[in-house]
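Visitor: sequence and predicted structure below; questions after.
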Amino acid sequence: MQPFGIKQKFFRRLLLLPLALTLLISLPGPVSSMDYNNLSKILKQRRINRILELMSVEEKVGQLFLVYFKGPDLSPALCEMIARFRVGGILLYSNAGNIENPKQVAKLTSAAQKMASCQGQGIGLFVAVDQEGGPISRLREGFTVFPSNMAVAATGDEENARLAAKITAEELKTLGVNMNLAPVLDVNSNPENPIIGVRSFGSNPDTVARFGLAAMEQYRDSDVIAVAKHFPGHGDTSFDSHSKLPMVAHNIKRLEKIELYPFRQAIDQGKVDAIMTAHVEVPALEPRPKLPATLSANILTKLLRQKMGFGGLIVTDSLGMGALDINFGTTRAALRSFLAGADVLLFGADPEHEPVEQQRAYRKILAAVKSGQIPKARLDDSVRRILNLKMKYGLLEANPVSVKDAPLKTGTKEHQKIAESLAEKSVTLLRDKHGILPLSPSEPALVFWPKAPFDAPEAISRVNPKIEIIRLEKNPGSKAVSQAQEKAKDAKTVLVLTHRADRFPGQAALIKALYGPNLIVAAMDTPYDIAMFPLVPCYLAAYSNVPASMTALGRVLFGKAEPAGTLPVEIPGLFKLGAPKNGEQK
């Protein structure tokens, strides 16, 4: 397969040579750099036009699809999606079994690109993943996982967003991943938001814009496509769109000031190539009830494309999420979102959904094109945008990566140290009434750790091996709380690590049972937990429970590092934005 793919690439380039020479000779007088730039633009557009002419309708429809699949290798099912349905891209998920280790991922993406190189025009695949940092990090074992976006913003320096993006992009490229579904540009103005939280850079739209744009600019410089999300804003919702349809009920003035602001900044400054939609209901923008933004022409075409002037790719959030399942279903949602203005139809590994649904959606879109429901010019507009972006990032031709390099260039000690250093700068000490920090690194401490996804208790143990970690359920019952109280009775220092205590009241009950001058509480997710127990004497926010954040927290607790972070959100009634500068420590 590979020799044939290489031969195809050679002849495709050869065909463009006469055109380039003809255009160059036709330029009058000396050739300036501006002439070369114009020539380059002309050649690129003619190449895109030529590819469009050669593509069948079936190939064009396939380019719209960014699909998930099962298993760690180029399975027959994935081969069929690439060879028969000519999909434009693939999406990697750990819960679909696509991700085991760096070498396996590089082997998988290379095999997929080689397969794509032998189909039709040999167009390369988008290879996408959600690698936001913090809780949404699909690549973990053998990779460098940075703290959450909120942790990055807590450092107060957007250069840290660039640094995290730079290293993340380097490791993604090594694996053959060319698209990151990040950063999040949602403004987390609702402390009870169940799905955004620490994925956001904060509650201030300017902070979100500055940090988000810094990350996107670096991804672009590193040749990885960034996809800003979730338009028009998912930061002030009370429901998770993975399960039901949330509503953003604000008026236009408020939306312009908060939710839309980071996206507008990204578009106006030319920093964003792709934007992901949100499955949210926004009555001020779409008057039809129960119609999510993803399916709204008023939001995607009239607002984003026309009013805000966005010329890049509009990518849907996963079409298998509960917010769409309720009233539409995957197949209908695919057609409705494309008609509304989406370019790329994304299918994630959502519960109770199977990859075969992607094929049904493909057939529905294809039938709509052939029947005239979707005008061919509309299809060509989206495919042209896809091809232009692939050209910009060198993906018009499939490019496999070196499999042997993957384990050597991901998760390196140098990268891990940078992640830990960034995490140290984010740890925020909001209160220490009795001045008990720092703790002595030679004295034992008792740590209660309610289970949380991807937690890493061993990381904190590296700083002080004398600590004793007791694992509890995420929502401890009364028996577990009583046992913890008995265990802590003689302990000199007690540390409780919380994870969304507002959603798991057993954590708040645990802390109230352990109240005392020797109690330290550290939030490993959103810092809002302190509102559940406002009298706790010592409180820190780490914003993340990835290993880098756990190590950083340990270093701060035991005096190896200073808590340098400040709050990127307001905690109503307790701490202002920017605390502890404007809050209390003692």
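Guide: Alright, I've got the coordinates.

Visitor: and the strands in the stretch 101-250 of the chain?
Guide: 126-129, 131-133, 136-137, 179-180, 225-231 (DSSP state E, counting those that start in this stretch).

Visitor: nearest to Pro283, out of those strands?
Guide: strand 225-231 (16.3 Å; Cβ to Cβ). Using the backbone N, CA and C atoms, a C-beta is placed for each residue, glycine as well.

Visitor: what residues does that closest one touch?
Guide: The contact list for strand 225-231, computed with Cβ atoms under 8 Å, 6 or more residues apart in numbering, reads 126, 128, 165, 178-186, 212, 215-216, 219-220, 262-263, 266, 272-278, 280, 293, 299, 304, 313, 315, 317, 389, 393.

Visitor: which positions in that strand come out as buried?
Guide: 225-231 (16 or more other Cβ atoms under 10 Å).

Visitor: same question for stretch 144-163.
Guide: Residues of stretch 144-163 classed as buried: 144-156, 158, 160-163 (neighbour count, 16+ other Cβ under 10 Å).

Visitor: repeat for stretch 319-326
Guide: Result for stretch 319-326 [16+ other Cβ under 10 Å]: buried residues 319-325.

Visitor: now pLDDT, distance to Pro527 and secondary structure too, for the residues you listed, in JSON lines please.
Guide: Converted to JSON lines, those look like this (pLDDT from 0 to 100; distance: Cβ to Cβ, whole Å; DSSP: H, G, I helix; E, B strand; the rest coil):
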{"residue": "Leu319", "pLDDT": "97", "distance to Pro527": "33", "secondary structure": "coil"}
{"residue": "Gly320", "pLDDT": "95", "distance to Pro527": "32", "secondary structure": "coil"}
{"residue": "Met321", "pLDDT": "94", "distance to Pro527": "27", "secondary structure": "coil"}
{"residue": "Gly322", "pLDDT": "89", "distance to Pro527": "28", "secondary structure": "helix"}
{"residue": "Ala323", "pLDDT": "89", "distance to Pro527": "27", "secondary structure": "helix"}
{"residue": "Leu324", "pLDDT": "93", "distance to Pro527": "32", "secondary structure": "helix"}
{"residue": "Asp325", "pLDDT": "88", "distance to Pro527": "33", "secondary structure": "helix"}
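
Visitor: which two from those residues end up farthest apart in space?
Guide: Leu319 and Gly322 (11.3 Å).

Visitor: now the helices for the stretch 101-250 of the chain?
Guide: Using DSSP state H, counting those that start in this stretch, the helices of the stretch 101-250 of the chain run over residues 102-117, 149-154, 159-175, 205-221.

Visitor: give me whichever of these is most buried.
Guide: Highest mean neighbour count of those: helix 149-154, a mean of 32 (counted as mean count of other Cβ atoms under 10 Å).

Visitor: so what touches it?
Guide: 132-134, 146, 160-161, 164, 183-184, 188, 197-202, 207-208, 211, 422-423, 425-428, 526-527, 541-544, 549, 565-569.

Visitor: figure out how far that helix is from the centre of its chain.
Guide: For helix 149-154, the separation from the chain centroid amounts to 14 Å (computed by Cα atoms, centre = their mean, to the nearest Å).

Visitor: repeat that for stretch 143-162.
Guide: Going by Cα atoms, centre = their mean, where stretch 143-162 is centred and where its chain is centred differ by 13 Å.

Visitor: that older thread, for the buried residues of strand 225-231, which one is nearest Leu345?
Guide: When the buried residues of strand 225-231 are compared for distance to Leu345 (Cβ to Cβ), Val227 comes out closest, at 13.6 Å.
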